[in-house]
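Q: 3D, please:
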Amino acid sequence: MTSEIAQSLVEQCKSKLLEAKADLLNRVRESRQDLYNSDDSKGGDEGDQTMRALAESEFLSMHERLRKQLVEIEMALSRIENGVYGLCEETEEPIEAERLLAIPWTRLSIEGAEIRESVGKRYAR
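A: From the prediction side, this is the model:
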């Protein structure tokens, strides 16, 4: 299936995916170190405790966003290995090269994303 998509494009996207993965893992490690380094004392007044709780909450929500993006990157790398990278999950047509270069972990073409969005709106409350 990857034959429909130029091998050079797949290699470019794979390189971008691996760079993004490394960047995400570094960001998680750095944010974890920042959280633990700033958490040197459990004491403090109510304001200090509130600030620590807010920082921890922010860390957890950021960590969850990064984890989800990392899963998307891993899935894209898996699709490359399986030879189905660059095919839209909705339309089963090749995803636009510009879109893959901009968002190499995408699973939908522009048309496929529009279809999903319209279906989502239809069933939204």
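Q: list the contacts of the spatially closest residue to Leu9 that is not a sequence neighbour.
A: Leaving aside its chain neighbours, Leu9 sits nearest to Ala97 (5.5 Å; criterion: Cβ to Cβ, 6 or more residues apart in numbering). In this view, the C-beta of every residue, glycine as well, is placed from N, C-alpha and C. Contacts for Ala97 were tallied using Cβ atoms under 8 Å, 6 or more residues apart in numbering; they are 5-6, 9.
Q: got it, and Arg79?
A: Arg79 touches 85-86, counting by Cβ under 8 Å, 6+ apart.
Q: burial count for Arg52?
A: 16 (other Cβ atoms under 10 Å).
Q: may I have the secondary structure class of it?
A: Using DSSP: H, G, I helix; E, B strand; the rest coil, the structure places Arg52 in helix.
Q: use 8 as the first number for this chain going forward.
A: Okay, residue one is now 8; in that scheme the one you just asked about reads as Arg59.
Q: got the phi/psi numbers for the residue of the chain positioned farthest from its centre?
A: Of all residues in the chain, Asp52 has its C-alpha farthest from the mean position, at 37.5 Å, by Cα atoms, centre = their mean. Here is the backbone geometry of Asp52 (degrees, to the nearest 10): phi -80, psi -180.
Q: what does Leu94 give?
A: As for Leu94, its main-chain torsions (degrees, to the nearest 10) stand at phi -100, psi 130.
Q: isn't it up against Leu107?
A: No. Assessed by Cβ atoms under 8 Å, Leu94 is found out of contact with Leu107, at 10.6 Å.
Q: quick one, helices of this structure?
A: Here the chain has its helices, by DSSP state H, at 14-45, 53-89, 104-109, 117-130.
Q: tabulate those helices (a markdown table), appending mean pLDDT and distance to Thr98.
A: A markdown table is the format used below for the helices of the chain (pLDDT from 0 to 100; distance: least, Cβ to Cβ, whole Å):
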| stretch | mean pLDDT | distance to Thr98 |
| --- | --- | --- |
| helix 14-45 | 89 | 18 |
| helix 53-89 | 91 | 15 |
| helix 104-109 | 96 | 13 |
| helix 117-130 | 88 | 5 |
